[in-house]
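Peer 1: Would you be able to build a 3D model of this:
(one chain, ligands or ions: 2)
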Amino acid sequence: MPSPANVPQKLSTVEDYKEFLDKYDTFMLDCDGKKLVFVTNNSTLSRANYVKKFEKLGIQASEKDIFSSAFATAVYLRNILNFPSDKRVFVIGESGIVDELKDVGIESTGAADDSGAVMTHADFGSIEQDPTIGAVVCGFDININYIKLAKAFKYLSNPDQKVHFILTNNDTTFPAPNGIYPGTGSLVQPLITALGREPLVMGKPNKPMLDCFFSNYHTDPARTCMVGDRLDTDIDFGAQGNIATLMVLTGVSTEQEAMDPEQPIKPTYIIPSFGEFAKVEKA
Ligand SMILES: C[C@H](OP(=O)(O)O)C(=O)O
Ligand SMILES: [Mg+2]
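Peer 2: Ligands and ions are numbered 1, 2, ... in the order given. Below is the predicted model:
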């Protein structure tokens, strides 16, 4: 029985699950028979590396089934900004960004070179302006450090040319096996504060990722459902795309947050875990 408007419908019985599955053909999953597209804000892995990760989890997927914030950023630089071939990208982030940029023919620097680098006060003089840097792209970087922030600040302050400032995502936290930890949005806030400049953010729930998704996958919005664990990224992303949303309770946001009358972002459905649907096959 559908819930009143704007009150999430809790799915809890096999009947509920069957009725839900009959309604949709495309499921957008935040990584973590139908058509499954993995839509992730996690930019640390390339789509090729996600395919390998899924294989280890027993999930068959190909690169075209994976839509990541790193891939969306590379597509945006290449197709929307027509990034000049004589420019490079300075990356605060991991191999996912570097590999996806390389895949669209864009050279990058920073990520691996400065990880582990220890800066001393004597080093400030060695940070030079670099006219080949046409963009700074920031994603989750487990080895973020002062030298990366100092170089990014220098390049983004270049008085002689506009340098694009792009975040793959701005999740404040992300779930790890034993709890949640600071995410990209928290790691790069020092740079945003120092610059007094807001970056363009690609990942969910932001419009660039949505536009890139629907231009990549011509799904029927009426039979597409965004599945995720975060109200402020996954569910908001689906809501902005006018598609149904299913919130799983295995990640960051809680049922209490979703059911709170003050909560402006409401999932269409709530389910304890995506694994519940396995019960349908056994029924
Ligand atoms: C950042 C990443 O995003 P997601 O895969 O949930 O979109 C995560 O929350 O682990
Ligand atoms: Mg998630």
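
Peer 1: for the helix or strand hosting residue 134, which positions count as buried?
Peer 2: Taking DSSP states H and E as the criterion, residue 134 maps to strand 133-138. Judged by neighbour count using 16 or more other C-beta atoms under 10 Å, the buried positions of strand 133-138 are 133-138. In this view, the C-beta of every residue, glycine as well, is placed from N, C-alpha and C.

Peer 1: Tell me how far it lies from the chain's centre.
Peer 2: 18 Å (C-alpha atoms, centre = their mean, to the nearest Å).

Peer 1: I'd like the next helix or strand past that strand.
Peer 2: As assigned by DSSP H and E, the chain's next helix or strand after strand 133-138 is helix 146-156.

Peer 1: Show me the strands in the stretch 1-150 of the chain, by range?
Peer 2: All strands of the stretch 1-150 of the chain, identified by DSSP state E, counting those that start in this stretch, fall at 9-10, 26-29, 35-40, 66-68, 88-92, 108-109, 133-138.

Peer 1: Any chance of these in JSON lines with distance to residue 153 and mean pLDDT as columns?
Peer 2: Formatted as JSON lines, these follow (distance: least, C-beta to C-beta, whole Å; pLDDT from 0 to 100):
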{"stretch": "strand 9-10", "distance to residue 153": "47", "mean pLDDT": "94"}
{"stretch": "strand 26-29", "distance to residue 153": "35", "mean pLDDT": "86"}
{"stretch": "strand 35-40", "distance to residue 153": "28", "mean pLDDT": "89"}
{"stretch": "strand 66-68", "distance to residue 153": "26", "mean pLDDT": "94"}
{"stretch": "strand 88-92", "distance to residue 153": "11", "mean pLDDT": "98"}
{"stretch": "strand 108-109", "distance to residue 153": "15", "mean pLDDT": "96"}
{"stretch": "strand 133-138", "distance to residue 153": "9", "mean pLDDT": "98"}
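
Peer 1: quick one: which of the ones you listed is nearest ligand 1?
Peer 2: Nearest to ligand 1 among those is strand 35-40; the distance by C-beta to the nearest ligand atom comes to 3.5 Å.

Peer 1: The strand holding residue 134 - contacts with which helices or strands?
Peer 2: Using 3 or more C-beta pairs under 8 Å, 6 or more residues apart in numbering; DSSP states H and E as the contact test, the elements touching strand 133-138 are strand 88-92, helix 146-156, strand 164-167.

Peer 1: got the contact list for that strand?
Peer 2: The contact list for strand 133-138 (C-beta atoms under 8 Å, 6 or more residues apart in numbering) reads 73, 77, 81, 83-84, 87-93, 97, 101, 108-109, 152, 155-156, 158, 161, 163-168, 184, 187-188, 191, 199.
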